[in-house]
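Asks: what follows is a protein structure lacking sequence information:
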Ligand SMILES: CC(C)(COP(=O)(O)OP(=O)(O)OC[C@H]1O[C@@H](n2cnc3c(N)ncnc32)[C@H](O)[C@@H]1OP(=O)(O)O)[C@@H](O)C(=O)NCCC(=O)NCCSC(=O)CCO
């Protein structure tokens, strides 16, 4: 891979943006590689949780602005559609995803983090959607996902002022799940991933899809999906194991079956 480093360690698939000299700015190549590696990790049984992060001082400072000079309305639309498709795909995958935000998460970088299930940030990180300062606006799903994540008023403020906020403020408004010093970011993120890996991957996958479906649907549709999925988990060995373990007063060991 040209723009991304990957590794699999103890059930975690690491996707590490690797253009540190450009603050991991997201170009077309990186979008293509993100899609490819996420797909590989989704299909790889050794990967239970996927963590996205960046090399150097940024998670990502957003889409690669140096490419913008060549864009016209049609190619800009296509670039936005490509970015959006990749973020949609990342959001939709059945395994839990975590954005480990080690520094700047701006523009498309924050939009990538928003497509993940969880965001854990270093105290030193700075987050925002500053596209408005370029005379444009977020194009990788941020206009929709940020509103859903933190509500309309705060989301409009962030997108329309382009202000950057600290990790602590991001935690206060519910944009990130957890903040930790940079020195313990990796350890804390792995600990969080470990909690997820103890659960039934099938129950997690169905739960995730019910939550995502419900987030974009009328309440009744979401509730119907919840009951249907609830029935499906009762066809798994993991459900039997979970219930038996409780009744036998022992810790459940889930096999993903
Ligand atoms: C993130 C900032 C505030 C960091 O500032 P600083 O520490 O001073 O570092 P710089 O010297 O600015 O950056 C180092 C190096 O990286 C290049 N770079 C940074 N961001 C980008 C980017 N988004 N695209 C392309 N290149 C980038 C920068 O040009 C430097 O390269 P040199 O070759 O050394 O000159 C600051 O960098 C900043 O504000 N960045 C832009 C943030 C932004 O506006 N993001 C939104 C992009 S549009 C988008 O994401 C559309 C999708 O919705």
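Replies: Alright, I've got the coordinates. Please read all numbers here as calculations on a predicted model, not as lab measurements.
Asks: check what pLDDT the spatially most central residue of the chain gets.
Replies: Ranked by distance to the mean C-alpha position of the chain (C-alpha atoms, centre = their mean), the top residue is residue 116 at 1.3 Å. Here, the pLDDT recorded for residue 116 equals 98.
Asks: look up phi and psi at it.
Replies: phi -80, psi 160 (degrees, to the nearest 10).
Asks: go on, the one 3 residues further on?
Replies: The phi and psi torsions at residue 119 (degrees, to the nearest 10) take the values phi -130, psi 120.
Asks: give the closest residue to it in space, chain neighbours not counted.
Replies: Distance criterion C-beta to C-beta, 6 or more residues apart in numbering; nearest residue to residue 119, sequence neighbours excluded, is residue 176 at 4.2 Å. Heads up, the C-betas are built off the backbone N, CA and C, glycines and all.
Asks: burial of the one you found, as a residue count?
Replies: Close neighbours of residue 176, defined as other C-beta atoms under 10 Å, add up to 23.
Asks: please apply the same query to residue 66.
Replies: Neighbour count of residue 66, defined by other C-beta under 10 Å: 10.
Asks: how close does it get to the ligand?
Replies: 5 Å (C-beta to the nearest ligand atom, to the nearest Å).
Asks: got it, and residue 61?
Replies: For residue 61, the distance to the ligand - C-beta to the nearest ligand atom - is 3 Å.
Asks: re earlier: may I ask you to confirm that the residue nearest to residue 119 is in contact with residue 122?
Replies: No: using C-beta atoms under 8 Å as the test, residue 176 is too far from residue 122 to be in contact (10.0 Å).
Asks: overlap of the contact sets of the two?
Replies: Residues touching both residue 176 and residue 122 by C-beta atoms under 8 Å, 6 or more residues apart in numbering: 101, 167.
Asks: pLDDT of stretch 44-54, averaged?
Replies: Here stretch 44-54 scores 98 as its mean pLDDT.
Asks: how long is it from one end to the other?
Replies: Stretch 44-54 has an end-to-end distance of 22 Å (C-alpha to C-alpha, to the nearest Å).
Asks: what residues of it count as buried?
Replies: Neighbour counts over stretch 44-54 (16 or more other C-beta atoms under 10 Å) mark 47-54 as buried.
Asks: pLDDT wise, what is whichever residue of the stretch 101-250 of the chain sits closest to the ligand at?
Replies: Closest residue of the stretch 101-250 of the chain to the ligand, C-beta to the nearest ligand atom: residue 107 (2.5 Å). pLDDT for residue 107: 98.
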